[in-house]
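*Asks:* Give me a model of this one.
(one chain, ligands or ions: 1)
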Amino acid sequence: MKITILYASQTGNTEAAAEYIQDGILARYPFIQVKLADVREDVEISFLEQSDAVIFGSPVYFTSMGWEMKKWFDNSFRIDLHGKLGAAFVTAQSAAGGTDTAIMEMLRHMLAKGMLVFSGTDPKSAQKFQLGAVGLGKDIEQYAEQFEAFGACVAQKAVQLFGK
Ligand SMILES: Cc1cc2nc3c(=O)[nH]c(=O)nc-3n(C[C@H](O)[C@H](O)[C@H](O)COP(=O)(O)O)c2cc1C
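*Replies:* Below is the predicted model:
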């Protein structure tokens, strides 16, 4: 099983969140191959296309996903993500800063690609993710546990759906 965490990040918050998500996946499912992919660099398309799940992360810019992630979606129409599990996370300055709308935008792009969209919510988990995972403010490390739990929940769903 392979999982790609594809993210955009200008000042490091979303990148840190992506790393916490990777940690959460590997702590619970060490057999999964996880790749962090920065949209500003060359994304390894073969690994992405072999992934059973793709987790997208972006900073919130004016209540939307950031332009770098939007650009990646708009440029990736030839990349086949059909049937893969998809989930989203954002980092933002404030709770009222448009985190839901930014996550929904990413989920809509995943739907348009024919992905199976998942919020990350697990009824048995203490952490609930109604749309996806969110980290706020400059002290992103405060959200480490939540992002780790989110990664584990998405990985659990991927294993349920696709096997090891
Ligand atoms: C151009 C721009 C627009 C932003 N718009 C919002 C916003 O609408 N709502 C919000 O809560 N934070 C907003 N922010 C704050 C970022 O979402 C936040 O600092 C984020 O964690 C940055 O992620 P990064 O460190 O991965 O680049 C904005 C930041 C920038 C640079």
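
*Asks:* Contacts only, for Gly120.
*Replies:* Taking C-beta atoms under 8 Å, 6 or more residues apart in numbering, we find Gly120 in contact with 87, 129, 132-133, 150, 153-154, 157. Using the backbone N, CA and C atoms, a C-beta is placed for each residue, glycine as well.

*Asks:* Asp121 - nearest residue in space that isn't next to it in sequence?
*Replies:* No, residue 121 isn't Asp; it's Thr. Once flanking residues are discounted, Thr121 sits nearest to Phe129: 5.0 Å by C-beta to C-beta, 6 or more residues apart in numbering.

*Asks:* Cross-check the contact I'm expecting between the one you found and Ala152.
*Replies:* No: counting by C-beta atoms under 8 Å, Phe129 does not reach Ala152; the two are 11.2 Å apart.

*Asks:* need the strands for the chain, in chain order.
*Replies:* For the chain, the strands defined by DSSP state E cover 2-7, 33-38, 53-61, 64-65, 85-92, 116-117, 133-136.

*Asks:* Run through the neighbouring helices and strands of the fifth one.
*Replies:* In this case it means strand 85-92. helix 13-28, strand 53-61, helix 99-112, strand 116-117, strand 133-136, helix 144-162 (3 or more C-beta pairs under 8 Å, 6 or more residues apart in numbering; DSSP states H and E).

*Asks:* Using a markdown table, lay out those together with mean pLDDT, distance to the ligand and mean neighbour count.
*Replies:* Shown next, in a markdown table, are the helices and strands packed on strand 85-92 (pLDDT from 0 to 100; distance: least, C-beta to the nearest ligand atom, whole Å; neighbours: other C-beta atoms under 10 Å):
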| stretch | mean pLDDT | distance to the ligand | mean neighbour count |
| --- | --- | --- | --- |
| helix 13-28 | 98 | 3 | 22 |
| strand 53-61 | 98 | 3 | 26 |
| helix 99-112 | 98 | 7 | 19 |
| strand 116-117 | 98 | 22 | 18 |
| strand 133-136 | 97 | 7 | 24 |
| helix 144-162 | 96 | 13 | 22 |
